[in-house]
Each structure stands twice: as structure tokens, then as C-alpha cells.
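In: Build me a model from this:
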Amino acid sequence: MYKTDSHMRMFATSLLALGLLTACGDTTEAPSSGNAAPIGANSSYEVTGDHAVGNPDAAVTVVEYASVVCGACASWHNTVYPEFKKKYVESGKVRYIFREFPTPPERLAFAGFTIANCAGEGKFLKNIQVQYKRQRALLSAPDKRAAYENLAKASGLSIEQYETCLSDPEWKAKYDAVVQGGSDIGVTSTPSFFINGTKAKVFTLEQFDEMLAPMLGEAAPEETISEEDTKEAAE
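Out: Prediction:
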């Protein structure tokens with residue numbers, strides 16, 4: 001487990017020193033999610049420029065470091081995140097933060113993250129979800145440049161805007177700072193989750209339930225016993 005409060009402060013300081021308050025593209029658009037906090041409202045585990053949704057005063061902040069080309073990340077976002085969001089984020093119990101952390105092929109991860117950031121903060125998480133749903137098609141496309149250009153256009157960007165964002169030094173510096181910040185606090189694989197600043201080995205909704213219950217002052221979830229376990233106990 002990694003205690004990260006001091007690293008979070010260092011990470012925030014480095015971003016502020018760079019003056020990287022926004023990603024490339026128009027980020028003044030209001031968040032599209034009804035449960036998103038106003039821009040500038042932060043939890044204590046949040047740094048400037050984070051992609052966050054949920055109650056900023058929630059008792060729990062969950063930070064996820066993930067890659068848009070990571071199969072395990074796609075699995076979590078396609079199968080676990082919808083219920084996690086409904087149960088914890090939309091209920092106001094958890095503040096959820098997504099941070100970029102590339103995995104091979106890193107050039108495609110960078111292209112995907114660039115599109116999501118360039119299209120605007122209000123569309124960021126929705127764009128990420130689209131990429132996870134289309135991940136196999138994007139990674140198996142024979143013409144990957146065309147595939148990501150089409151993704152950019154579907155996100156509301158022109159090819160010129162997309163290419164400008166790809167070469168934007170301010171966006172690249174912010175991206176590198178987020179990735180370095182993840183490395184500094186022990187992120188070596190994705191998805192990696194930090195719950196109130198501490199790295200947690202969680203993936204399934206049941207594991208989140210078990211971890212979050214005491215932090216939220218709720219009763220621990222009851223352990224379910226399968227029919228097979230019941231038969232073994234009776235023998």
C-alpha cells in the first residue's frame with residue numbers, strides 16, 4: 001500500500017508550476033454529467049486539471065490510473081464502472097477521478113488521450129467510455145491513423161484540430177506530468193486504484209463494496225456462499 005498525500009501535494013505543485021490548468025481544446029464547456037461538480041470544485045485528493053465526477057465533499061475519493069489501450073481497463077469500464085458509478089458516484093458517496101497512464105502501444109494511448117482531452121472536459125469521460133467500447137476495433141484497424149482520425153471527428157474535432165492537439169507542447173507537458181505523478185506513487189500497471197490516497201487491490205464491484213463499506217460507515221457486505229461450498233461443508 002502506498003501513502004500518497006505528500007506525493008499528491010508534490011504533483012499538484014508541479015502542475016501549477018507549469019501553469020497547466022487545462023488540456024488542449026475547449027475545456028470551458030459545462031460538465032455533461034448531472035452529478036459532476038462545478039469546474040474548480042475539488043476534493044482533498046484532487047489536483048488541478050483532474051478529470052473528476054461526483055460529490056467533491058464525498059467521504060471517499062477513488063482515483064483510477066488507466067490506459068485507453070489496456071484490455072483490463074476496458075473490461076472494468078465496460079462491466080464494472082456502470083454499476084460502480086450508479087451505486088457510489090451518482091449517490092454522492094464517492095468522488096471519482098480518472099488519470100491517464102499509457103500502456104503499449106503508447107502512441108495509440110497518447111492519440112486516444114489527446115482526442116479525449118482536446119474534445120473538451122465536459123466530454124472527457126464519455127469519450128473515454130466510447131474508446132473502451134470500441135477498443136478492439138481501434139486496435140485491430142488496418143489503418144490506425146484513419147481509425148483515430150475518425151474517432152476525433154466523431155468527438156467533434158476537425159482533423160486540423162486533432163493534429164494541432166497532438167503537437168501541442170502544453171498538452172504534452174501536462175500529460176507527461178500526470179504520467180510521472182502516477183509513476184512516483186507506485187503505478188506500474190493499469191488499472192490502478194487509489195482510495196483516499198492509498199493504493200488498493202480492487203477490481204470487482206464486490207471488492208469495492210468490501211473496501212468502501214467501513215469508510216462510508218456502512219455494514220460490511222455479507223459473504224455469499226455458493227451451492228458448491230454448501231455441499232462441500234455438508235460432506
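In: Show me what secondary structure element comes after the lengthiest helix in the chain.
Out: Criterion DSSP state H: the longest helix present in the chain is helix 169-184. Using DSSP states H and E, the helix or strand that follows helix 169-184 towards the C-terminus is strand 192-195.
In: check contacts around the most centrally placed residue in the chain.
Out: Residue closest to the mean C-alpha point of the chain, counted by Cα atoms, centre = their mean, is Phe98 at 2.2 Å. By Cβ atoms under 8 Å, 6 or more residues apart in numbering, the contact set of Phe98 is 50-52, 64, 66, 124-125, 128. C-beta: built from backbone N, CA, C; applies to glycine.
In: pLDDT added to these, as TSV?
Out: Below are the contacts of Phe98 laid out as TSV (pLDDT from 0 to 100):
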residue	pLDDT
Asp50	95
His51	97
Ala52	96
Glu64	98
Ala66	98
Phe124	97
Leu125	96
Ile128	98
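In: For the helix or strand where Lys153 lies, enumerate the helices and strands it packs against.
Out: Counting by DSSP H and E, the element that carries Lys153 is helix 144-154. Secondary-structure packing of helix 144-154 (3 or more Cβ pairs under 8 Å, 6 or more residues apart in numbering; DSSP states H and E): helix 106-118, helix 124-133, helix 135-140, helix 159-166.
In: so how far is the last one from its chain's centroid?
Out: For helix 159-166, the gap between its own C-alpha mean and the chain's C-alpha mean amounts to 23 Å (Cα atoms, centre = their mean, to the nearest Å).
In: what residues does it touch?
Out: Contacts of helix 159-166 (Cβ under 8 Å, 6+ apart): 24-25, 110-111, 114-115, 117-118, 148-149, 152-153, 157, 171.
In: Now Lys144. Nearest residue, chain neighbours left out?
Out: Nearest-residue entry for Lys144: Leu108, 6.5 Å, with adjacent residues in sequence omitted and distances by Cβ to Cβ, 6 or more residues apart in numbering.
In: Let me see the contact set for that neighbour.
Out: Here Leu108 is in contact with 68-69, 138-139, 144, 148 (Cβ under 8 Å, 6+ apart).
In: Now neighbour count and distance to Met215 too, for these, in CSV please.
Out: CSV is the format used below for these (neighbours: other Cβ atoms under 10 Å; distance: Cβ to Cβ, whole Å):
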residue, neighbour count, distance to Met215
Val68, 29, 29
Val69, 25, 31
Leu138, 21, 36
Leu139, 15, 36
Lys144, 15, 42
Tyr148, 21, 39
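In: re the thing from before, name the residues of the longest helix of the chain that come out as buried.
Out: 171, 174-175, 177-179, 181-182 (16 or more other Cβ atoms under 10 Å).
In: returning to that earlier point: comparing the helices and strands packed on helix 144-154, which comes out most buried?
Out: Ranked by mean neighbour count under mean count of other Cβ atoms under 10 Å, the helices and strands packed on helix 144-154 are led by helix 106-118, which reaches a mean of 23.
In: okay, the angle between it and helix 144-154?
Out: 10 degrees (axes from the mean of the first three to the mean of the last three Cα atoms, to 10 degrees).
In: That'll do, ta.
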